[in-house]
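> Generate a structure from the sequence data that follows.
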Amino acid sequence: MAEDDHRTADNPGGYRPDDPRYGLSGQALLDYYLARPTQFYIRSHYRPDWKDKREKAMDEHLAHVRAHADRIQFAGPLLKDDGSEPIGTMCIVQMDDRAAAKAYAAGDGYARAGMLEEPEIIRFISSKRIGQLDRDPDPALQMFVCECIDGPDAARLRKECAANHHAYQSSIIDKYVAHGPLRSDDGQTLVGSLFIVEVEDRAAAEKLVGDEPMTKTGVFSDVRIFRWRYGKSISH
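The predicted structure is shown next:
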């Protein structure tokens, strides 16, 4: 058994001993996810005319985020690959349901100013229980948000590569800022995975996702990678 392979009869999923999912599988694992606070991943890109609106909308945007800071795990701007300017926003926020998540997105000062495209909103469950205030970024590295959306045969293929997936995650765990499953609104069905990684550059982020056993096995039908950084609204 490989050093990073933690599979045993009592831990068929291969989770690390320090992972709260250690030893869980089947219904017990689903119950664990359903017991976690309901979070949503929200990503919005700027409309083409955003530069004419951002400065005026900034104060209202920051006030909106700060008013919900106790519910936000991460929030900040999406960036061009060279980091030269923002291209949108991303947050992970605790909300009771999709309607509340949509209302939060619509109440953002940027959205109210008409500078955001329709948001992507997906229920998310973080496997790391840390947030933006718990971890300072490494100034020598870059962060990337990696959306990995399941294909039509994902349920079967996930089972085939589950142990290798968890072993791989264990081997790169220090590169994750956050990671976990994307799920249907009711939390019952997996629809993909989300990784926020801190690496050298986009090429490194693409390699990290490309080497992921779920990618190699064909679990994902679509992978979208965006450079991102912590926003000043809730940072130190």
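
> CA atoms for contacts and neighbours, from now on please.
Will do.

> Strands of the protein, start to end?
With DSSP state E as the criterion, the chain has strands at 39-45, 72-79, 86-94, 120-124, 142-150, 176-183, 190-199, 220-228.

> Now do the contacts for the most centrally placed residue in the chain.
The centroid of the chain falls nearest to residue 194 when counting by Cα atoms, centre = their mean (4.0 Å). By Cα atoms under 8 Å, 6 or more residues apart in numbering, residue 194 lies in contact with 124, 145, 146, 147, 148, 178, 179, 180, 181, 182.

> Enumerate the beta-bridge partners assigned to it.
With DSSP bridges as the criterion, residue 194 is bridged to residue 147, residue 180.

> Would you mind extracting the C-alpha trace of the worst-scoring helix or strand of the chain on mean pLDDT into PDB?
When each helix and strand of the chain is scored by mean pLDDT, DSSP states H and E, helix 26-35 comes last, with a mean of 71. Provided in PDB are the C-alpha atoms of helix 26-35 (Å, rounded to 0.1, in the frame of the first residue of the first chain):
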ATOM      1  CA  GLY A  26     -22.300   5.400   2.300                       C
ATOM      2  CA  GLN A  27     -25.200   6.900   4.200                       C
ATOM      3  CA  ALA A  28     -22.900   7.800   7.100                       C
ATOM      4  CA  LEU A  29     -20.800  10.000   4.800                       C
ATOM      5  CA  LEU A  30     -23.900  11.600   3.200                       C
ATOM      6  CA  ASP A  31     -25.300  12.300   6.700                       C
ATOM      7  CA  TYR A  32     -22.000  14.000   7.600                       C
ATOM      8  CA  TYR A  33     -22.300  16.300   4.600                       C
ATOM      9  CA  LEU A  34     -26.000  17.000   5.300                       C
ATOM     10  CA  ALA A  35     -25.200  18.000   8.900                       C
END
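
> so how far is stretch 228-236 off the chain centroid?
Relative to its chain's centre, stretch 228-236 lies at 15 Å (Cα atoms, centre = their mean, to the nearest Å).

> Having no further points to raise, I will conclude here.
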